[in-house]
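Asks: With the sequence up front, the predicted model follows.
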Amino acid sequence: MVPSWVIVVLVVPFLAGVSVPLSLQYLPLIVSAVLLGLPHGAVDHLAVARARGREPTYRAIARVVALYGVVGGAYAVAWFLAPALAFVVFILVTWFHWGQGDLYALVALAGVDHLESVPQRLATVAVRGGLPMLVPLLSFPEWYRRVATDLVGLFAPTAVTALQWAFRPQVRAALAIGYGVLVVAVLVVGYARADSVRPWLLDAGETVGLIAYFALVPPVVAIGFYFCLWHSLRHVVRLLAVDDTAVTAIEAGDVRTAFLQFARDAAPLTLVSLALLGGLSLVVPNRPETVPEAVALYLVFIAVVTLPHVVVVTVMDREQSVWS
């Protein structure tokens, strides 16, 4: 797994005043369509059965396909009917899911011992998910507004006015204070309950480092790299850990074969997803004409598939006792 500092070190150039052309800022998100980002959820049809120690059956695969069709389909319709509300749901679901992914990494991969209770783990999910979803709003409100406008504008440009309350200085100030108190409380309680300081230092170091990362790196760049190299890669590691073929390869020192196995598993539904993305581009009321608008369409599609993906990952959490 890519070490934490690989992401956090991206802060350094921006501290030095480096600026990135707008055309390049969207590149990491574009690349995520085929590299880890979209593919990391394309193994959901196999993931739950493997987490239970079983081989996926056609019935199990059909259940996941039905889940995506019903839940994802209903959410896709919501974007057409109430795009501003759908955008808020996207932020909240992604907040939970990205925090959920970090909780698994802390508990199962890092082996932390200071997250002793369910309330602590819920608070950790809130803190970790808030790093990519809230900190950019506090540091780059105009960028956040621009992305919201691009997404909602694909369906109803005037609907974005329903989101303007979130960009008011007093609202952002209240969110900053509340989130800051939560971060401090989670880290202090964790320190008090830690049997070993080193895992707590990892948790605290990642949290503080990511706060700096999302506060200083332009949001589109920051989210693009985080999506691929932090969230998605960690989830891929989780998938490899429940795949007997991949585990055997890793135990033999053949990591390349393990990742090739993941790529083979993910390829069919990644291609299906790209085809569906193309279909979505034909039916949105305002077809994208610029790179930001095309990326906005991609993010809408990511939103649609994230909701059923969260259901799958939540079942995996239960099977793997993440909340125990």
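Replies: Done, it's in.
Asks: Next, count neighbours for the residue lying closest to residue 244 once chain neighbours are set aside.
Replies: On the basis of C-beta to C-beta, 6 or more residues apart in numbering, the spatially nearest residue to residue 244 that is not a chain neighbour turns out to be residue 50, at 7.9 Å. C-beta: built from backbone N, CA, C; applies to glycine. Taking other C-beta atoms under 10 Å as the criterion, the count of residues near residue 50 is 22.
Asks: Over to residue 55?
Replies: Per other C-beta under 10 Å, the neighbour tally for residue 55 reads 10.
Asks: Just confirm it contacts residue 49, I think it does.
Replies: Yes - taking C-beta atoms under 8 Å as the contact criterion, residue 55 and residue 49 are neighbours in contact, 6.5 Å apart.
Asks: OK, contacts around the residue nearest to residue 244?
Replies: For residue 50, the contacting residues are 56, 239, 242, 243, 244, by C-beta atoms under 8 Å, 6 or more residues apart in numbering.
Asks: Among those, which ones are in helices?
Replies: Counted as lying in helices by DSSP state H, out of the contacts of residue 50, are 239, 244.
Asks: Among the contacts of residue 50, name the buried ones.
Replies: Applying a neighbour-count criterion of 16 or more other C-beta atoms under 10 Å, the buried members of the contacts of residue 50 are 56, 239, 242, 243.
Asks: could you redo the residues you listed as TSV and give each row distance to residue 190?
Replies: Putting the buried ones among the contacts of residue 50 into TSV (distance: C-beta to C-beta, whole Å) gives the following:
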residue	distance to residue 190
56	37
239	27
242	27
243	31
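Asks: Relative to residue 164, which of these is nearest.
Replies: When those are compared for distance to residue 164, the smallest value, 39.8 Å, is given by residue 239; criterion: C-beta to C-beta.
Asks: quick one on the thing from earlier: and which of the contacts of residue 50 is nearest to residue 196?
Replies: Nearest member of the contacts of residue 50 to residue 196, counting by C-beta to C-beta, is residue 242, at 26.6 Å.
Asks: what separates that closest one from residue 249, distance-wise?
Replies: In this structure, residue 242 lies at 14 Å from residue 249, with C-beta to C-beta, to the nearest Å as the measure.
Asks: would you list every one of the helices in the stretch 101-250 of the chain?
Replies: Secondary structure of the stretch 101-250 of the chain by DSSP state H, counting those that start in this stretch: the helices cover 118-133, 135-139, 141-153, 169-193, 197-216, 219-226, 233-241, 244-251.
Asks: Tell me what angle the fifth one forms with helix 118-133.
Replies: What it means is helix 197-216. 30 degrees (axes from the mean of the first three to the mean of the last three C-alpha atoms, to 10 degrees).
Asks: Tabulate the CA atom coordinates of stretch 145-153 in PDB.
Replies: Written as PDB, here are the backbone C-alpha positions of stretch 145-153 (Å, rounded to 0.1, in the frame of the first residue of the first chain):
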ATOM      1  CA  ARG A 145     -19.100  26.400  -5.400                       C
ATOM      2  CA  ARG A 146     -17.800  26.000  -8.900                       C
ATOM      3  CA  VAL A 147     -17.800  22.200  -8.700                       C
ATOM      4  CA  ALA A 148     -21.400  22.200  -7.200                       C
ATOM      5  CA  THR A 149     -22.500  24.500 -10.000                       C
ATOM      6  CA  ASP A 150     -21.000  22.200 -12.700                       C
ATOM      7  CA  LEU A 151     -22.700  19.100 -11.300                       C
ATOM      8  CA  VAL A 152     -26.100  20.600 -10.600                       C
ATOM      9  CA  GLY A 153     -25.900  22.600 -13.800                       C
END
